[in-house]
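Pasting the sequence and the predicted coordinates here, then a few questions.
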Amino acid sequence: MIALLLAATLAASPQPPVMYNFFDAADLLGHCAARDDKAQVRQALCLGYIGGAVDQLLMEQAALSPQERTICPPAGLTLQGVAAHVLDHASWAARERDLGASGLVRFALEQAYPCRRTLEEM
């Protein structure tokens, strides 16, 4: 009886969520460059995604030592500025298969705001 109850409980347990619908670079760029009837909503989604990705990346960078950091943005960094850098890398992203949107944001930031190192630090 207990075994039957345990088996029924395990069978009814929720399954772990499937990881799907994550943005890839093409999805993100499509939203950023939208010119259709839902362009305003799609562009807001683009900026929201980029803002979240930048926030995560900068927190990750802050946890590293200065010598390990790969992104050193200026004090006046703006969301629109970062979005422009992401769009600047659209042709590169088109060549990269299966590139995640967060990878594109990281690459764009590393290219736009690389950390300068002196020879003494290397």
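Here it is on my side, so go on. Residues are numbered from 1 along each chain as shown.

now the residue nearest to the spatial centre of the chain: how far from R42?
Per Cα atoms, centre = their mean, the C-alpha nearest to the average position across the chain is that of S102, at 2.1 Å. Between S102 and R42 the computed distance is 18 Å (Cβ to Cβ, to the nearest Å). From N, CA and C alone the C-beta is placed, and that goes for glycine too.

now swap in P73 and tell me
Taken as Cβ to Cβ, the span from P73 to R42 is 25 Å.

and if you look at G30?
In this structure, G30 and R42 are 8 Å apart, going by Cβ to Cβ.

ditto for A25
15 Å.

go on, G81?
Distance from G81 to R42, by Cβ to Cβ: 20 Å.

in what helix or strand does L104 lie?
Per DSSP states H and E, L104 falls inside helix 101-112.

average model confidence for that helix?
Averaging pLDDT along helix 101-112 yields 94.

tell me which strands and helices it is in contact with?
Helix 101-112 makes packing contacts with helix 25-32, helix 39-62, helix 79-88 when contacts are defined by 3 or more Cβ pairs under 8 Å, 6 or more residues apart in numbering; DSSP states H and E.

Tell me if P74 really is in a helix.
No - assigned with DSSP: H, G, I helix; E, B strand; the rest coil, P74 falls outside any helix and is coil.

How many residues are close by it?
9 (other Cβ atoms under 10 Å).

just the helices and strands packed on helix 101-112: most buried one?
Most buried of these, by mean neighbour count (mean count of other Cβ atoms under 10 Å): helix 25-32, with a mean of 20.

Pull the residues that contact that one.
Applying Cβ atoms under 8 Å, 6 or more residues apart in numbering, the set of residues contacting helix 25-32 from outside is 42-43, 45-47, 49-50, 83, 86-87, 90, 93-94, 96, 99-101, 103-105.

residues touching the spatially closest residue to R106 that is not a sequence neighbour, list them.
Spatial nearest neighbour of R106, excluding adjacent residues (Cβ to Cβ, 6 or more residues apart in numbering): L57 at 5.9 Å. Each residue near L57 by Cβ under 8 Å, 6+ apart is listed here: I71, S102, V105, R106, L109.

if I look at L57, how far off is A84?
Going from L57 to A84 by Cβ to Cβ gives 16 Å.
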